[in-house]
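*Asks:* Pasting the sequence and the predicted model now:
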Amino acid sequence: MTIGVSTERGTVRAVALADDGDKLHERVVLERVVEIGGDAKADLAVAVELAMEDIADKIGADREILGAAVAYRDAAERRAIVTRLAAGPWHDASLVSAKSAHLAVARAITWVDEFEDLAICEVVPGFQAFSLISPDRSRVLAAVTLSGGAATEETMRAAVTAAWDQFDAAGVKPDAVVLIGSAATEPAVVAALESGFGAPVIPCGVAAIAPAIGAALAALPEAEFAGEAAERIRRARGTAALFAAASVLAGGLVAGGVYAAGSDSKKVPQPMLIDSRVSADAHNGGAHPVGDQAVAPAPDSGSAGAPMDGTPGMVTPTDAVTPNSDQPAPESQPSDLVTIDPATLNWGPHSDGTKFGTHPKPLIKAAPEPEVNSSPDSIIPAPTHAVGAPTESGLFPGELAPPPLGTQEFSTWWDNHWRMMLQWAAQMMPKV
């Protein structure tokens, strides 16, 4: 268990936080609010010490306190707190800045894992603090802390402008905003943030004590806490990426089915496996005698070919012409023998119909095709150039609108669109 303390104008808030739990609010064991007795920094330090002692007394000796931390606002406040705690039992307590507490809170809240750059906006009486957290929740990209009066719409607009100055200087912008602090529920604050950042403002169920929770989380071991948050975020975004890729593929399959059902522009013939070596050997044997014997050409059955079971590579000439001595060979019938004469086939549009007995043209050895590194188990091609995400209309950046359905232009467009969908889906897959 750890203790965290945060300060604001006139008030100190403290929490006792358990070191384990599924949800953040379930880990809060105790809360304590202490009023500050004066306006001096020394009075604030006294209230901080009183809140920590009250929390420790209520916990009792049954549970061990692993550490304590206080989130300070400025250098003067930090000096006053250090001076007060140095001589007492809390001399080993840590002091953390507001942005460090924000980073700890961003790691702990699980309902914003799908957002990349996350802005934590803390609004309390007298202070406004903004921190932009990196997508992996490992560091603060930009931060600003402001001192002011009441949280009105005018003061919040000025605070948002100051935050944008820091975000623009760092070259980043928030994908979502989490609002914390005791003034987080005020309508003027929410309206100013929604209009100022142009990003969704996500409420926090423990907004009032979130700064103190951040201080308590900062007292935990850094490596363990950061590692758990990074693994959780990686799993959440991997699931979102797979869902997005599956949605794109499912949409493409539906569109492809509509195209295939409504267009006759492409006819795919049924594949046939035909063995031409037996008939080729028979034809060559008739034209060129071997030794003193001549093999008579097989009678022409008039058939162009027949489908075979298996692959041609599994049949050898010996297997084709040598009968099994253990079993009687059935009598061959002219209609049972299938021959394929390569010399009589029309191989191209300019063929002159070569007849029996003519010598076939010599084959020209083609240049070997370059090897392509690809995984035989993958149905998605490896992306070569990055493809942008599709727009609301379903088109990729730079892609033209589809031509009329059933035309040759639509066939070409669909082939390119399908290839881009597969490539974008491959880009969305999480890297293992």
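*Replies:* Yes, it's here.
*Asks:* Sort out which residues of stretch 91-101 are buried, please.
*Replies:* By neighbour count with 16 or more other C-beta atoms under 10 Å, stretch 91-101 contains the buried residues 93, 95, 96, 97, 98, 99, 100, 101. Any C-beta I mention is one placed from the backbone N, CA and C, and that applies to glycine too.
*Asks:* which stretches of the protein form strands?
*Replies:* 2-8, 11-17, 28-35, 67-71, 94-96, 118-124, 127-133, 140-147, 176-180, 201-202 (DSSP state E).
*Asks:* Make TSV out of the ones you listed and add mean pLDDT and distance to residue 88.
*Replies:* Output for these, formatted as TSV (pLDDT from 0 to 100; distance: least, C-beta to C-beta, whole Å):
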stretch	mean pLDDT	distance to residue 88
strand 2-8	95	14
strand 11-17	95	15
strand 28-35	94	16
strand 67-71	95	12
strand 94-96	94	14
strand 118-124	95	26
strand 127-133	95	26
strand 140-147	93	27
strand 176-180	95	29
strand 201-202	92	39
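*Asks:* and those as TSV, adding distance to residue 86?
*Replies:* As requested, these are exported to TSV (distance: least, C-beta to C-beta, whole Å):
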stretch	distance to residue 86
strand 2-8	16
strand 11-17	18
strand 28-35	20
strand 67-71	13
strand 94-96	11
strand 118-124	26
strand 127-133	25
strand 140-147	24
strand 176-180	29
strand 201-202	39
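*Asks:* returning to what we had before: next step: the buried residues of stretch 91-101 restricted to helices.
*Replies:* Those of those mapping onto helices are 98, 99, 100, 101, per DSSP state H.
*Asks:* quick one, what contacts residue 163?
*Replies:* Residue 163 makes contacts with 119, 121, 130, 144, as judged by C-beta atoms under 8 Å, 6 or more residues apart in numbering.
*Asks:* do the same with residue 180
*Replies:* 105, 120, 121, 122, 123, 204, 207, 210, 211.
*Asks:* Okay, buried residues for stretch 147-159 please.
*Replies:* 148, 151, 155, 156, 157, 158, 159.
*Asks:* Over to stretch 392-399?
*Replies:* So, applying 16+ other C-beta under 10 Å, buried residues of stretch 392-399: 396, 399.
*Asks:* which residues sit against that stretch?
*Replies:* 251, 387, 388, 389, 390, 391, 401, 416, 417, 420, 424.
*Asks:* gap between the two ends of stretch 201-218?
*Replies:* 24 Å (C-alpha to C-alpha, to the nearest Å).
*Asks:* An error on my part: the question was meant for stretch 102-119.
*Replies:* From its first residue to its last, stretch 102-119 covers 9 Å (C-alpha to C-alpha).
*Asks:* Among the buried residues of stretch 147-159, find the lowest-pLDDT one for me.
*Replies:* Note: of those, the lowest pLDDT belongs to residue 148, at 77.
*Asks:* List the contacts of that residue.
*Replies:* 126, 127, 128, 155, 158, 159.
*Asks:* and these as JSON lines, adding distance to residue 186?
*Replies:* Shown next, in JSON lines, are the contacts of residue 148 (distance: C-beta to C-beta, whole Å):
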{"residue": "126", "distance to residue 186": "14"}
{"residue": "127", "distance to residue 186": "14"}
{"residue": "128", "distance to residue 186": "12"}
{"residue": "155", "distance to residue 186": "11"}
{"residue": "158", "distance to residue 186": "16"}
{"residue": "159", "distance to residue 186": "13"}
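*Asks:* now, the most widely separated pair of those?
*Replies:* Put simply, by C-beta to C-beta the two of those set farthest apart are 126 and 158, 14.6 Å from each other.
*Asks:* Which of the contacts of stretch 392-399 sits closest to residue 62?
*Replies:* residue 389 (53.2 Å).
*Asks:* got a pLDDT number for the closest residue to that closest one other than its chain neighbours?
*Replies:* The spatially closest residue to residue 389, leaving aside those adjacent along the chain, is residue 424, at 6.9 Å (C-beta to C-beta, 6 or more residues apart in numbering). Looking at residue 424, its pLDDT is 79.
*Asks:* With residue 370 instead?
*Replies:* 57.
*Asks:* ok, now how distant is the nearest residue to residue 58 once chain neighbours are set aside from residue 52?
*Replies:* Nearest residue to residue 58, sequence neighbours excluded (C-beta to C-beta, 6+ apart): residue 30, at 5.6 Å. Going from residue 30 to residue 52 by C-beta to C-beta, to the nearest Å gives 11 Å.
*Asks:* Look at these two and report which has more neighbours.
*Replies:* residue 52 (26 against 15; other C-beta atoms under 10 Å).
*Asks:* And the pLDDT for the more buried one?
*Replies:* 95.
*Asks:* for it, what are its contacts?
*Replies:* Per C-beta under 8 Å, 6+ apart, neighbours of residue 52: 3, 5, 14, 68, 90, 93.
*Asks:* Show me which of these is closest to residue 26.
*Replies:* Among the contacts of residue 52, and counting by C-beta to C-beta, the member closest to residue 26 is residue 3, at 17.3 Å.
*Asks:* I'd guessed that closest one sits against residue 56; true?
*Replies:* Yes - using C-beta atoms under 8 Å, residue 3 is in contact with residue 56, at 7.2 Å.
*Asks:* Identify the contacts common to the two.
*Replies:* The contact lists of residue 3 and residue 56 share residue 65, where a contact means C-beta under 8 Å, 6+ apart.
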